[in-house]
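>>> Sequence below, structure please.
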Amino acid sequence: MLTVVASAVLIVSPKLQAANPKAGKKLVFNQDFSKIRKIDTKIWKFDDGPVYNNEKETYTAENHHNAWIENGALILEARKEGSKITSARLQSRPTWKYGYFEATVEVPKGKGTWPAFWMLGDRLRQSGPNRLGWPKCGEVDIMEQVGQDPKAIHFSLHTEKYNWMKKEQRTKVVNLADSTGFHTYGFNWTPKAVDFYLDGKPAYHVDKTENTIEAWPFDDQFYIILNLAIGGNMAGAVDDTILPCRYRIKDVRIYQ
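A predicted model of the protein is given here:
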């Protein structure tokens with residue numbers, strides 16, 4: 001949502017890894033919102049910084065009313081407040097490298113919604129010579145969906161060499177038979193390849209075939225982002241009658 005010549009080409013393999021991505025791994029991070037009463041700001045940071053992609057929302061800070069836990073789920077709500085649309089974007093303070101990442105979520109309905117479960121390279125948050133801007137830091141879109149096409153789920157990787165601005169991102173769209181209710185989205189990340197999962201079934205596989213950071217920044221630490229965008233380049237025109245709308249996250253888990 002937010003290049004250098006290499007000796008090889010990044011191959012998107014038709015192979016899908018059917019093995020259980022949790023096998024042999026331990027649960028190292030567990031945000032089960034049915035057991036949590038309040039958003040833990042030692043784990044989640046309210047990111048009220050700038051928005052991109054010509055989106056229409058303004059992200060708010062912790063003391064606003066766009067994010068809370070209710071009925072066993074983390075709620076991110078976009079609402080109309082005067083002439084503005086406010087919403088929430090949370091980023092994890094901890095970072096991880098490799099493992100299986102999953103979240104069970106229910107997306108909102110309506111033209112103009114753009115919920116996502118995604119990750120960015122932590123070097124974007126650093127300062128000094130270690131900092132890498134976007135897209136060189138790397139981006140993983142474990143789940144993106146837009147209300148104009150509610151059954152289409154987008155899985156994507158963005159890097160300096162392969163990104164949407166160059167129309168070269170590694171991406172796949174999978175259609176849900178039923179877009180209502182909760183679905184589980186997963187991402188299995190190893191030093192050699194990545195796999196995306198939808199409701200426990202493999203959906204998209206990408207092999208690592210280049211060792212440059214421009215092509216494969218996925219050997220660094222990454223952090224998680226949960227947000228509900230409204231409008232913008234991907235979501236398109238907004239039907240204001242859908243507001244307020246809610247993005248519900250039942251849980252976020254990581255296995256390593």
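>>> any low-confidence regions in the stretch 1-150 of the chain?
Of all residues in the stretch 1-150 of the chain, those with pLDDT under 70 make up the ranges 1-18.
>>> where do the helices sit along it?
With DSSP state H, counting those that start in this stretch applied, the stretch 1-150 of the chain shows no helices anywhere along its length.
>>> Could I get the full set of strands for it?
Under the criterion DSSP state E, counting those that start in this stretch, strands of the stretch 1-150 of the chain are mapped to 27-32, 44-46, 57-59, 67-70, 73-81, 84-87, 89-92, 99-106, 113-121, 139-144.
>>> now, of the ones you listed, which is deepest in the fold?
Here the criterion is mean neighbour count by mean count of other Cβ atoms under 10 Å, and of the strands of the stretch 1-150 of the chain the winner is strand 113-121, at a mean of 25. From N, CA and C alone the C-beta is placed, and that goes for glycine too.
>>> Report the beta-bridge partners for the most centrally placed residue in the chain.
For the chain, Trp118 is the residue whose C-alpha lies nearest the centre (Cα atoms, centre = their mean; 1.5 Å). Using DSSP bridges, the beta-bridge partners of Trp118 come out as Asp141, Ile225.
>>> quick one: contacts for it?
Counting by Cβ atoms under 8 Å, 6 or more residues apart in numbering, Trp118 touches 1, 139-144, 224-225.
>>> got those as a markdown table, with distance to Tyr162 columns?
Formatted as a markdown table, the entries for these read as follows, by distance: Cβ to Cβ, whole Å:
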| residue | distance to Tyr162 |
| --- | --- |
| Met1 | 16 |
| Glu139 | 10 |
| Val140 | 12 |
| Asp141 | 13 |
| Ile142 | 17 |
| Met143 | 19 |
| Glu144 | 16 |
| Ile224 | 21 |
| Ile225 | 20 |
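>>> Would you point out the most distant pair within the residues you listed?
Checked with Cβ to Cβ, these reach their widest spread between Glu144 and Ile224, with 14.0 Å between them.
>>> wait, doesn't Asp48 sit right on Thr60?
Yes - under the criterion of Cβ atoms under 8 Å, Asp48 lies in contact with Thr60, with a separation of 5.6 Å.
>>> Just grab the bridge partners of the residue lying closest to Asp47 once chain neighbours are set aside for me.
If you skip the residues right next to it in sequence, Asp47 has Arg89 as its closest partner in space, 4.5 Å away by Cβ to Cβ, 6 or more residues apart in numbering. The residues paired with Arg89 through beta bridges, assigned by DSSP bridges, are Asn227.
>>> what's the answer for Thr113, then?
When assigned by DSSP bridges, Thr113 has beta-bridge partners Ile230.
>>> And it, how close does it get to Thr104?
Relative to Thr104, Thr113 is positioned 18 Å away (criterion: Cβ to Cβ, to the nearest Å).
>>> ok, now Ile254?
For Ile254, the distance to Thr104 (Cβ to Cβ) stands at 13 Å.
>>> And Trp96, by the same measure?
Using Cβ to Cβ, one gets 18 Å for the distance from Trp96 to Thr104.
>>> before we move on, what about Lys97?
Here the distance between Lys97 and Thr104 works out to 23 Å (Cβ to Cβ).
>>> do Asp47 as well
Summarising the geometry, the distance separating Asp47 from Thr104, computed by Cβ to Cβ, is 22 Å.
>>> sec struct for the closest residue in space to Ala215 that isn't next to it in sequence, please.
Using Cβ to Cβ, 6+ apart and skipping residues adjacent in sequence, the residue nearest Ala215 is Lys161, 4.6 Å away. Put simply, Lys161 is coil when judged by DSSP: H, G, I helix; E, B strand; the rest coil.
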